[in-house]
Structure formats: C-alpha cells, structure tokens
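K.L.:
coordinates only, sequence not included:
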C-alpha cells in the first residue's frame, strides 16, 4: 500500500488576502508558528507567501513591511496537488520545482477547494514511522536480517 498526500497533509491551512501587508502576514505566521500562508483574492488561491519571500523581498531590500502588499511579494504561480496524489509523486514535484510546500486542492462542484498543505517537513516527520513499520514487518515475517539487502538501524 502506497501513501498518498492526504495521508500526510496538514488540514488546517492559514490563508491571507493578497491586499494585506507584509507586517500582518509576518504577525500571523509568528502567532500560529507557521512558515507560509496561502494567498487568496476573491475566494481564489493566487499564490503562497513564505518567510523567505518576506526576508528576501522586504527585509533585505529595506522596505517598510507595513507598506508592502502581499500580492506584490508572494510566490506565483502556485503549484498544487490533489489529495489522492501519490506521496512519492508530490515529493518529486517539490524537488523538481525547488519548493518546500504544496497546497492540496480538490474539485468541489464547480470550484477547486483548498483542503490541506504538505511540506517537506511533513514528509521528514513521517520517516521514523516508516522505519519502525519496516522493522515490524521483518520481525513478523520471520526474516533473517542478514539476508536483507537494506539496512535498518
């Protein structure tokens, strides 16, 4: 059984309107301990704002965070996946596109709806559980560990 994005994604996603300023976005990220916000405009997803966007496009250039509008500094176009996307495919997308987060969307009637987000950190968090599951499978199968061509510590 292979894992899909919906098995790992975080379902509580924070959004912010594209007309808000960078200072409000930074406060929201800080308050909720997140490193990105999904940016919306007229109930549509239009981009993603990351801590790096704020650091590179506002702080390092000496701009006033109260005057910089999110729509001007967000990353776009936004790359999304479906909940049923295989996890390994989502990981390949993240590496190929050099991104750390993928919003998860599904079709609901005539519209696409944001249902979650997956990050490279979510995938890394899963790794110890996978190793434990592999150990359990080996133990239950009665396999001789010396005959296995992979290593589990």
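P.N.:
Arrived safely, thanks for sending. These numbers were taken from a predicted model, which means no experiment stands behind them. Numbers count the residues shown, from 1 in each chain.

K.L.:
Buried residues in the helix or strand hosting residue 47, which are they?
P.N.:
Applying DSSP states H and E as the criterion places residue 47 in strand 44-50. When burial is assessed from 16 or more other Cβ atoms under 10 Å, strand 44-50 yields the following buried residues: 45-50. C-betas here are computed from N, CA, C, even on glycine.

K.L.:
got it, and stretch 22-37?
P.N.:
22, 25-26, 28-29, 34, 36-37.

K.L.:
ok, then the element right after the strand holding residue 47?
P.N.:
Toward the C-terminus from strand 44-50 - assigned by DSSP H and E - lies helix 51-54.

K.L.:
chain center to the helix or strand following that next one: distance?
P.N.:
Using DSSP H and E, the helix or strand that follows helix 51-54 towards the C-terminus is helix 70-73. With Cα atoms, centre = their mean, to the nearest Å as the basis, helix 70-73 stands 19 Å off its chain's centre.

K.L.:
Does anything pack onto helix 70-73? Which helices or strands?
P.N.:
helix 22-32, strand 36-41, strand 44-50 (3 or more Cβ pairs under 8 Å, 6 or more residues apart in numbering; DSSP states H and E).

K.L.:
of all those, which lies closest to residue 62?
P.N.:
Closest approach to residue 62 among the helices and strands packed on helix 70-73 (Cβ to Cβ): helix 22-32, 12.6 Å.

K.L.:
residues in contact with that closest one?
P.N.:
14, 16, 35-37, 49, 51, 54, 58, 63, 65-66, 68-70, 73 (Cβ atoms under 8 Å, 6 or more residues apart in numbering).

K.L.:
what pLDDT, on average, does it get?
P.N.:
In this model, helix 22-32 has an average pLDDT of 97.

K.L.:
Use 841 as the first number for this chain going forward.
P.N.:
From this message on, residue numbering opens at 841, which makes the last subject helix 862-872.

K.L.:
Export the buried residues of strand 884-890 as a markdown table, with columns for distance to residue 960.
P.N.:
Formatted as a markdown table, those follow (distance: Cβ to Cβ, whole Å):
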| residue | distance to residue 960 |
| --- | --- |
| 885 | 20 |
| 886 | 23 |
| 887 | 19 |
| 888 | 14 |
| 889 | 17 |
| 890 | 12 |
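
K.L.:
could I get those residues as TSV with distance to residue 935 and pLDDT?
P.N.:
Shown next, in TSV, are those (distance: Cβ to Cβ, whole Å; pLDDT from 0 to 100):
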residue	distance to residue 935	pLDDT
885	22	92
886	24	94
887	21	95
888	17	96
889	22	97
890	17	95
